[in-house]
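**Q** Okay, sequence plus prediction incoming.
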Amino acid sequence: MKFLCVLYILCGFASAAWALEREAFTIAKYDLEIRLEPQQQRLGARGKITLRNDSAQPQKVAALQISSSLNWRSIRADGKAVQYVSQPYVSDIDHTGALSEAIVTLPAEIKPKDSVELEIGYEGVIPLDATRLTQIGVPEEVAKHSSWDQIGPSFTAVRGAGYVAWYPITTESADFSEGNSLFEVVDRWKAREAGSELKVKFSYSEIPGDAFGMLLCGVETGYHGGMVGTNTETGPVENGVDCSWSPIGTVTPTFVKARYLSPKQPQVSLFSFPGHEAGAATYANAFDPAAKFVTGWFGKLNGRVEVADFADPKSVPFETGTLLMASMAAEDSKLAGINLVHELVHSALPSSRPWVYEGLAHFAEAMYRQQQGGRQAALDLLGLHRAAFIDSEKEVSAAPQKNAGEKSIGQPLAVTFDETYYRSKAAYVWWMLRDMIGDDALKQAIRKYRAEDDNIKDPKYVERLIETAAKRDLAWFFDDWVYRDRGLPDFHVQSVHPWKTETGVQIITVTLENLGNAGAEVPFTIKFEGGEITKRIKVRARGTATTRVEMPGTASEIVVNDGSVPESDLTNNSFKISAP
Ligand SMILES: [Zn+2]
């Protein structure tokens, strides 16, 4: 009889399968209790989730997905079990390369915009697993340094969607080997979930004689047990932490648990492993200057930041919100300073706009580098970001330009959830704004920024703050760089004309041309025997701009762009002036 039922359900689904829209539902709310058993690498979860139908059609079936190393145990609605079929679903959105998918028949059809609450239970293990990397040919040794997520007796660190589906998601299959498909699926998921709430009550017990391993999530809201030190009781002691990602924003919900040394600093919590004391001290020493710099630019800190050590020093660093995971095995004071600046900006300036939240943090890293090593050091740091978006911007430049209202192929900064844009391109955009309006005006604008005012009702909020502070119209800049993706500029010297006034003053007339579809204010340097002069000039998209510069000597060369404006082609930026 049971067999027949299963067949019946499967047959029922076969006819409905054509209608399965995996991304129809957004999970608007999670309220989970998660029990960790690190010795067994296990977690058990139960709780409630709220599914909202974001599609245009009524939906009767939902596909809920968790990591393939976890299993569905129960799904209920209104206290009654609902029908579901559990199946493996191949997708590189999870480190295992697959998901456990529950195809759920909802008690009633859910209309567009309507929601349904489900009670769920799932459990399983999360061991180290680099399958999705090794199956595309990444050597195991290398793969495990970036795919480090695991629950383990001595080290637990698990990142959310995009790494490990430790909470349910609803996505189409993502494929690492197919161009950008994985990133597209992850970006789409993140954009859908940015306004969602995820609350998790983590609990675990500590065995007698063991050091308590504090659980970190970057968004701790409460501790139960909350014990530190060592368990001196005769039996296990219960501990737990409440975490609330509300809203999730750009953050990847992550939890970390290890036997770290207790942190001592009040505003930064440095969780290091025994043996890494010197590296932790490097961070501790870097804190005061970093905090002073950040508060000077971004205002007071709103909460502490956490830096958590890796058990494996080769692990690739990762940050989410105000939690940074980076190895403290080495002592690198420059890196420690820059890492802290980044996290402290997050503490000082919360925002649900990715290009503001992450863009400003990366921009601040470059400013801090300038303070330590000069403008060129800062531009070199920014230069490391250029490769991240240069190729996709070339595609945008090559595509025909769209008019207002038409869907463009690019990633407008204002709305993108693509990391390479909201981190790397955004860092440049903030840097260009600073070069254009100066430190004082930009500081003033940043100090007035309030996350709650930066919303859909006021899409030009940031532009207005900056224009007010700078007393300048920057609509053209925001249009080319923030509201739309028009690719990158491409500058070159179109013509140069040296001449002398009647009184013998040497003048040079310079015309620059921008072959790209995004305009910018760009610096150019005129070299002459014994020195050089740098000026700035605004060159609009597909336009030219001409200026005259008075010279103390005979000009020999003009170099456009010191690297502060991201450009598609840097090979045509130098112009030698032949002797007349
Ligand atoms: Zn960040």
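**A** Now that the structure is in, tell me what you want to look at.
**Q** Now do stretch 565-578: distance to the chain's middle.
**A** 31 Å (Cα atoms, centre = their mean, to the nearest Å).
**Q** Next, the distance between the ends of that stretch.
**A** 27 Å (Cα to Cα, to the nearest Å).
**Q** Contact partners for the residue most central in space within the chain?
**A** The residue lying closest to the centre of the chain (Cα atoms, centre = their mean) is Glu419, at 5.0 Å. By Cβ atoms under 8 Å, 6 or more residues apart in numbering, Glu419 lies in contact with Phe183, Asp187, Glu358. Bear in mind the C-beta positions are built from the backbone N, C-alpha and C, glycine included.
**Q** Give the buried residues for the longest helix anywhere in the chain.
**A** Taking DSSP state H as the criterion, the chain has its longest helix at helix 375-398. Residues 378-379, 381-383, 385-386, 388-390, 392-393, 396-397 are the ones in helix 375-398 that count as buried (16 or more other Cβ atoms under 10 Å).
**Q** Tell me the one of those nearest Glu109?
**A** Of all the buried residues of helix 375-398, Ser392 has the smallest distance to Glu109: 39.8 Å, by Cβ to Cβ.
**Q** In contact with that closest one: list those residues for me.
**A** Ser392 makes contact with Gly410, Gln411, Thr420, according to Cβ under 8 Å, 6+ apart.
**Q** any chance of the residues you listed in JSON lines, plus neighbour count and distance to Pro523?
**A** Listed next are the contacts of Ser392 as JSON lines, based on neighbours: other Cβ atoms under 10 Å; distance: Cβ to Cβ, whole Å:
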{"residue": "Gly410", "neighbour count": "20", "distance to Pro523": "25"}
{"residue": "Gln411", "neighbour count": "22", "distance to Pro523": "26"}
{"residue": "Thr420", "neighbour count": "19", "distance to Pro523": "25"}
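**Q** Which ones among the residues you listed map onto strands?
**A** With strands taken from DSSP state E, there is no overlap with the contacts of Ser392.
**Q** Quick check: which of these has the minimum pLDDT.
**A** On pLDDT alone, Gly410 ranks lowest of those, at 83.
**Q** on that earlier part again, out of the buried residues of helix 375-398, which is nearest to the ion?
**A** His385 (13.1 Å; Cβ to the ion).
**Q** where's the closest one relative to Gly359, distance?
**A** 10 Å (Cβ to Cβ, to the nearest Å).
**Q** Repeat that for Asp242.
**A** Distance from Asp242 to Gly359, by Cβ to Cβ: 30 Å.
**Q** And for Glu452?
**A** Distance from Glu452 to Gly359, counting by Cβ to Cβ: 19 Å.
**Q** Tell me which of the two has more neighbours.
**A** Gly359 (26 against 8; other Cβ atoms under 10 Å).
**Q** Could you say which helix or strand holds the more buried one?
**A** helix 354-373 (DSSP states H and E).
**Q** That helix packs against which elements?
**A** Packing contacts for helix 354-373, counted by 3 or more Cβ pairs under 8 Å, 6 or more residues apart in numbering; DSSP states H and E, involve helix 277-298, helix 333-348, helix 375-398, helix 426-437.
**Q** could you give the angle of the following helix or strand past the shortest one to helix 333-348?
**A** What that stands for is helix 426-437. Toward the C-terminus, helix 426-437 is succeeded by helix 439-448 as the next helix or strand (DSSP H and E). Angle, helix 439-448 to helix 333-348, by axes from the mean of the first three to the mean of the last three Cα atoms, to 10 degrees: 50 degrees.
**Q** after helix 439-448 comes which helix or strand?
**A** helix 461-470.
**Q** Find me the pLDDT at Thr170, would you?
**A** 97.
**Q** now the strands for the stretch 1-150 of the chain?
**A** Listed in chain order, the strands of the stretch 1-150 of the chain (DSSP state E, counting those that start in this stretch) span 25-37, 42-53, 59-67, 70-77, 80-81, 84-90, 98-110, 115-125.
**Q** list the helices and strands the fourth one packs on?
**A** For strand 70-77, the packing partners by 3+ Cβ pairs under 8 Å, 6+ apart come out as strand 59-67, strand 84-90, strand 98-110, strand 115-125.
**Q** looking at those, which is buried most?
**A** Highest mean neighbour count among those (mean count of other Cβ atoms under 10 Å): strand 59-67, with a mean of 23.
**Q** sorry, back to before: in a markdown table, list the helices and strands packed on helix 354-373 along with mean pLDDT and distance to Pro107.
**A** Output for the helices and strands packed on helix 354-373, formatted as a markdown table (pLDDT from 0 to 100; distance: least, Cβ to Cβ, whole Å):
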| stretch | mean pLDDT | distance to Pro107 |
| --- | --- | --- |
| helix 277-298 | 95 | 49 |
| helix 333-348 | 95 | 41 |
| helix 375-398 | 89 | 44 |
| helix 426-437 | 98 | 44 |
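**Q** Mind checking what secondary structure Phe478 has?
**A** Of the three states, Phe478 takes helix according to DSSP: H, G, I helix; E, B strand; the rest coil.
**Q** for the closest residue to it other than its chain neighbours, what are its contacts?
**A** Using Cβ to Cβ, 6 or more residues apart in numbering and skipping residues adjacent in sequence, the residue nearest Phe478 is Glu463, 4.5 Å away. With contact taken as Cβ under 8 Å, 6+ apart, Glu463 is in contact with Leu474, Ala475, Phe478, Val482.
**Q** Looking at neighbours, which among those residues is most surrounded?
**A** Top of the contacts of Glu463 by neighbour count (other Cβ under 10 Å): Val482, with 23 neighbours.
**Q** I'd assumed it was in a strand, is it?
**A** No - per three-state DSSP, Val482 lies outside any strand segment and is helix.
**Q** The ion versus that one, what's the distance?
**A** From Val482 across to the ion, the span is 19 Å (Cβ to the ion, to the nearest Å).
**Q** Same question for Glu532.
**A** 36 Å.
**Q** Over to Gly124?
**A** 30 Å.
**Q** Verify the stated contact: Ala28 with Asp54.
**A** No - between Ala28 and Asp54 there is no contact under Cβ atoms under 8 Å: 9.1 Å.
**Q** Quickly find the element holding the closest residue to Gln39 other than its chain neighbours.
**A** In space, and not counting its chain neighbours, Gln39 is closest to Pro153: 5.1 Å by Cβ to Cβ, 6+ apart. Under the criterion DSSP H and E, no helix or strand holds Pro153.
**Q** next one: phi and psi at Pro153?
**A** Phi and psi for Pro153, reported as degrees, to the nearest 10, are phi -60, psi -40.
**Q** how about it, what does it touch?
**A** Taking Cβ under 8 Å, 6+ apart, we find Pro153 in contact with Pro38, Gln39, Gln41.
**Q** do Glu343 as well
**A** Counting by Cβ under 8 Å, 6+ apart, Glu343 has contacts Val268, Val305, Glu306, Val307, Glu319, Thr322, Leu323, Leu324, Ala361.
**Q** Ramachandran angles for the first one?
**A** Geometry field for Val268 lists phi and psi as phi -130, psi 130, criterion degrees, to the nearest 10.
**Q** Which positions in the stretch 351-500 of the chain make contact with the ion?
**A** Residues of the stretch 351-500 of the chain lying close to the ion (Cβ under 5 Å from the ion) are Glu358, Ala361.
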